[in-house]
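Q: Sequence plus predicted model, see below.
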Amino acid sequence: MRFLVVEDSGTMRRIVENSLNKIGYDDVVTAEDGADGLDKYDDSIDFVITDWNMPDVSGLDLVQQLRSSDSGGEVPILMVTTRSVREDIVTAAKAGVDNYIVKPFNPQVLKEKIDDVLDGGGEA
Amino acid sequence: MSESEDRGGDTPSLRLTLSEIEERIRHLVERGDRQGVDSKESAGIDRAVEELRLDDLQESLQRVEDEIHDALDVLAEGRSDLREVASQRLPNAENKLEEASSAAELAASDMLDRLERALELTGELEPGGNGTSGASGAASSQPAAADGSESEGKGAVQDALREELHELIQSLQFQDITAQQLRHASHVLQETEDQLRRLSTVLFGEDALEETVPAPVQDDGAPPADTGSGDAAFDPDATTEGASDRQEMADEIFG
């Protein structure tokens, strides 16, 4: 399974990638912001993990653009963000995010959410 | 007495002067009203004006002028303070925040490099072997094939070490969160600086602060990019606290 991790913080990008490796997912493409994420997204991506707060093209923008595209309409999307106001989470859900992780997180939560999105069949 | 009360000590006096004038005008109008709108009105007003004691009114107006001059003096004194805050202290504070954020990011990156290297090294350790460290030299004289329990023990230590390293990597998430908090603080300072500049322009003229404040530029000489409200670039409510409670709320919404 190929992941696209979209995160503007270099530290968080590496931590998410490390967490994915730890829970058994080694095929990870990284993008530095929403625009880079849209550039790097293609049909080979099976799962998108994105931050929300990023300059220019935010994670929410990324989700909305993917959902309105032919190729990204169905791709699983997990948002990993510090934003945790109820209205924000509802907004993310309405935009098409499949599940939501509040930072700081741990790899176990990441695994649980990925599994949930993959309908419980997410063993790597 | 607070500083504002001290500096504004003349304000009640100014208010008193203005209220005196207001009272005299009200008296004049009342007198006019009582006279009615007829031919006697003019005479009534004339009498009221005479009663105003114009000398007193002139004295009152002089006091008003003095008060205004005093207020302007206070503002002029504050101009240098305003200039220092808006042109030096606030930009310096913003620079310090940026410096702290960059230093933390560099340090986190360096720690990640070393932790990832350490993880690689744990992979090179053989559960039943002597490891790669020179510290194991004494053990190398022992039989290479340790018994099963020793091998299992070393394997457990290796797993525990790997787990600890992963935990350390996870703990570095603080850097992303504190960086957002610092960006928020810097944004507030920037807004305050902008407000002070606008206030200074209103009080002292268009270029009141431009004399000492060169427009900030980047290394390449270009003006800094407008990051807008910052809403997209950082979360003003970012925090390391209460993550589990906030996660529960997200779980509730996502069912």
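A: Received, thanks.
Q: what is the rounded mean pLDDT of the helix or strand hosting residue B:249?
A: Assigned by DSSP states H and E, residue B:249 belongs to helix B:243-254. Computed over helix B:243-254, the mean pLDDT rounds to 93.
Q: in it, what's buried?
A: Using 16 or more other Cβ atoms under 10 Å in any protein chain shown as the test for burial, helix B:243-254 gives B:243, B:246-247, B:249-251, B:254. Any C-beta I mention is one placed from the backbone N, CA and C, and that applies to glycine too.
Q: could those be laid out in JSON lines, adding distance to residue B:21?
A: JSON lines is the format used below for the buried residues of helix B:243-254 (distance: Cβ to Cβ, whole Å):
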{"residue": "B:243", "distance to residue B:21": "63"}
{"residue": "B:246", "distance to residue B:21": "59"}
{"residue": "B:247", "distance to residue B:21": "65"}
{"residue": "B:249", "distance to residue B:21": "60"}
{"residue": "B:250", "distance to residue B:21": "63"}
{"residue": "B:251", "distance to residue B:21": "67"}
{"residue": "B:254", "distance to residue B:21": "67"}
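Q: Considering only those residues, which also neighbour chain A?
A: Among the buried residues of helix B:243-254, proximity to chain A is found for B:243, B:246-247, B:249-250, B:254 (Cβ under 8 Å from any Cβ of the partner chain).
Q: Throw those into JSON lines and include distance to residue B:78, thanks.
A: Formatted as JSON lines, those follow (distance: Cβ to Cβ, whole Å):
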{"residue": "B:243", "distance to residue B:78": "45"}
{"residue": "B:246", "distance to residue B:78": "44"}
{"residue": "B:247", "distance to residue B:78": "49"}
{"residue": "B:249", "distance to residue B:78": "47"}
{"residue": "B:250", "distance to residue B:78": "48"}
{"residue": "B:254", "distance to residue B:78": "53"}
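Q: can you give me the helices in chain A?
A: Listed in chain order, the helices of chain A (DSSP state H) span A:10-22, A:34-40, A:59-67, A:86-95, A:107-117.
Q: what do you get for chain B?
A: Secondary structure of chain B (DSSP H): helices located at B:3-7, B:11-35, B:40-51, B:54-84, B:90-124, B:148-171, B:173-204, B:243-254.
Q: Tell me the spacing between residue B:250 and residue A:77.
A: 14 Å (Cβ to Cβ, to the nearest Å).
Q: quick one: buried residues of stretch A:83-92?
A: Using 16+ other Cβ under 10 Å as the test for burial, stretch A:83-92 gives A:83-84, A:88-89, A:92.
Q: ok, back up a step: and the helices of chain A as JSON lines, adding distance to residue B:105?
A: Below are the helices of chain A laid out as JSON lines (distance: least, Cβ to Cβ, whole Å):
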{"stretch": "helix A:10-22", "distance to residue B:105": "6"}
{"stretch": "helix A:34-40", "distance to residue B:105": "18"}
{"stretch": "helix A:59-67", "distance to residue B:105": "20"}
{"stretch": "helix A:86-95", "distance to residue B:105": "25"}
{"stretch": "helix A:107-117", "distance to residue B:105": "22"}
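Q: Could you export those as a markdown table, including distance to chain B and mean pLDDT?
A: Listed next are the helices of chain A as a markdown table, based on distance: least, Cβ to the nearest Cβ, whole Å; pLDDT from 0 to 100:
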| stretch | distance to chain B | mean pLDDT |
| --- | --- | --- |
| helix A:10-22 | 4 | 96 |
| helix A:34-40 | 9 | 97 |
| helix A:59-67 | 8 | 97 |
| helix A:86-95 | 5 | 96 |
| helix A:107-117 | 7 | 96 |
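Q: what about those, which gets the closest to residue B:165?
A: Closest approach to residue B:165 among the helices of chain A (Cβ to Cβ): helix A:10-22, 9.6 Å.
Q: Output the closest one as PDB - backbone C-alpha positions only.
A: The C-alpha coordinates for helix A:10-22 follow below in PDB (Å, rounded to 0.1, in the frame of the first residue of the first chain):
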ATOM      1  CA  GLY A  10       9.800  18.600   8.200                       C
ATOM      2  CA  THR A  11       9.900  17.200  11.700                       C
ATOM      3  CA  MET A  12       6.300  16.000  11.500                       C
ATOM      4  CA  ARG A  13       6.700  14.600   8.000                       C
ATOM      5  CA  ARG A  14       9.500  12.400   9.200                       C
ATOM      6  CA  ILE A  15       7.600  11.400  12.400                       C
ATOM      7  CA  VAL A  16       4.500  10.400  10.400                       C
ATOM      8  CA  GLU A  17       6.700   8.400   8.000                       C
ATOM      9  CA  ASN A  18       8.600   6.800  10.900                       C
ATOM     10  CA  SER A  19       5.200   5.900  12.400                       C
ATOM     11  CA  LEU A  20       4.000   4.300   9.200                       C
ATOM     12  CA  ASN A  21       7.200   2.300   8.900                       C
ATOM     13  CA  LYS A  22       6.800   1.200  12.500                       C
END
